[in-house]
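Chemist: give me a 3D structure for the following:
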Amino acid sequence: MNLPHMRVLLCYLLVLFAILSIHCKPEEDSPTGGTTTPSLPTTQVYESIPKYIWPLATAQNDQSILINYFDANGAAAGFMDFECGAVHGYDGHLGIDIAIFNFRAMDEGIAVVAAAPGIVSALEVNKYDRVYWTPYTDSGNFVSIRYPDGSYTVYYHLKKNSVTVKVGEQVERGQVIGFVGSSGATPFPHLHLETKVANGAGGFTSVDPFAGRCNDIESIWEVQPDYIANQRLQILDAGVFADFEYNGEYQYNEIKTLKDRPKAPAVIGKDLGRIGFWVQFQGSVGHQYDVRISKPDGTVFIEEHKTLAQKRRYGWHGMNWSMADITEADFGPWKAEILRNGTLEKEVSFEVGETTEFGPRFYPLAGTSAIIGQGESVRELTWIGDEQDLTLSLDDESSGVRLNGNQLVIPAASNQAYRNHWVKVTAIDSKGRSDYYTLHLIDLSKPFKQ
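Modeler: Numbering: from 1, shown residues only. Just a heads-up that it's a prediction; the model follows:
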């Protein structure tokens, strides 16, 4: 066979090989559902970065949920995570996002800890931290921790005045550095964790700490957290409420009632006319669960089957039902069960009676952080509920904090022994129903508790 014929045959074989390769690749590997597998990066070991631990003081899926991964797709259009998945993230996202369930949990305080030891190189502490939806008008609060080669980790969207470290300070793995907030460009409270490595050209490049099929590195995690895929619906939270306008499926838009965790009536009265119920979840299109509500005698009041119409990294269902057939014999303790494939996922107890009643609730804030040493300051406590004449009590006056009516007075100097200190204010109504407000005090002149 002469040389021109051999070239033609070689070209034919190469084309045939390419066609066969394309059709043998699984569709689930593609970020857009196509038939091409993304190219894998060269294997890398980021030896300059100490291994990470989970960056919250609570464990994965305990009051928090991982919702967005790093976009491993580079400059190409569309999102792809380290395992070639295409649903838990968005195009161009350069970190990982760990959301907490609601703003009330943010008020009470979910601590962010250093995933790895290093030196605090930069921070921001006093930006507004209760962003529900666009427009985003301010930058966020953050802490940056640098490693010996100049690489660093950024902890972003932190709660206002919650940063517990100073620039130049050495922090150890697991040390509290701030609290989860909703500052900057975010519609819900979460931690954005971003890893930056020196790129050899005088700058830094964001990298994914997760190792997988589409990110061929040695994992930066000490123990890599479980991968959140599409195979399981997760029920995060649930409860009764009286906001009947929320009937449907919701996610990120300005739904303050749901994002604040709805206020539950102490007694759902027949005078209300309806029983409202909400469920918070993470799941994919087609995932299903059932809500079963039972009366005090065990008979089923309602059973409703729910199917997710859209992929929800972090979403809610609202539903409600008429109480027209409820009689006095039905008054008393009721039970709501959430079941997935017949297995109980969560149970909620509540009271049904003749007249609707609400207990006290601190609102819109159920807690804040404050930095000692910036002069005396005041937090005005406000609440919602049936009774405005509540009894307020302070559980700890050793720090110098005091109550003046509904004002919480924070001293210019503190008596606290350690850098972090918590004070709690309790509101109690005439029927003994209570709520509390959490004040987190930071004195940067004090040592961390060992």
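
Chemist: rest of the way, CA atoms for contacts and neighbours
Modeler: Fine.

Chemist: what mean pLDDT does stretch 197-204 have?
Modeler: Average pLDDT, stretch 197-204: 84.

Chemist: same question for stretch 138-148.
Modeler: In this model, stretch 138-148 carries a mean pLDDT of 95.

Chemist: distance from it to the middle of the chain?
Modeler: 19 Å (CA atoms, centre = their mean, to the nearest Å).

Chemist: so for that stretch, what gets flagged as buried?
Modeler: For stretch 138-148, burial by neighbour count (16 or more other CA atoms under 10 Å) applies to Gly140, Asn141, Phe142, Val143, Ser144, Ile145, Arg146, Tyr147.

Chemist: Provide the partner residues of the fifth one in its beta bridges.
Modeler: Read it as Ser144. Beta-bridge partners recorded for Ser144 (DSSP bridges): Ala122, Val154.

Chemist: my guess is it contacts Val125. True?
Modeler: No: using CA atoms under 8 Å, Ser144 is not in contact with Val125; the gap is 11.9 Å.

Chemist: still on that earlier bit, nearest to Lys306 among the buried residues of stretch 138-148?
Modeler: Lys306 lies nearest to Gly140 out of the buried residues of stretch 138-148, by CA to CA, at 36.7 Å.

Chemist: phi, psi for that closest one please.
Modeler: With angles defined as degrees, to the nearest 10, Gly140 sits at phi -100, psi 170.

Chemist: check contacts around it.
Modeler: Applying CA atoms under 8 Å, 6 or more residues apart in numbering to Gly140 gives the contacts Glu124, Lys127, Tyr128, Asp129, Tyr156, His157, Leu158, Ser182, Ser183, Gly184, Ala185.

Chemist: how about the nearest residue to it, chain neighbours excluded?
Modeler: When the adjacent residues along the chain are set aside, Gly140 lies closest to Gly184, with 3.7 Å between them (CA to CA, 6 or more residues apart in numbering).

Chemist: pLDDT below threshold where in the stretch 201-350 of the chain?
Modeler: The model of the stretch 201-350 of the chain has no residue with pLDDT under 70.

Chemist: which parts of it are helices?
Modeler: Secondary structure of the stretch 201-350 of the chain (DSSP state H, counting those that start in this stretch): helices located at 256-259.

Chemist: tell me where the stretch 1-150 of the chain has helices.
Modeler: According to DSSP H, counting those that start in this stretch, the helices that the stretch 1-150 of the chain contains are 3-23, 103-108.

Chemist: mean pLDDT lowest where, among those helices?
Modeler: helix 3-23 (a mean of 35).

Chemist: so what's the residue nearest the centre of the chain up against?
Modeler: With distances taken as CA atoms, centre = their mean, Ala99 lies nearest the centre of the chain, 1.4 Å away. Residues in contact with Ala99, defined by CA under 8 Å, 6+ apart, are Ser64, Ile65, Leu66, Ile67, Phe188, Pro189, His190, Leu191.
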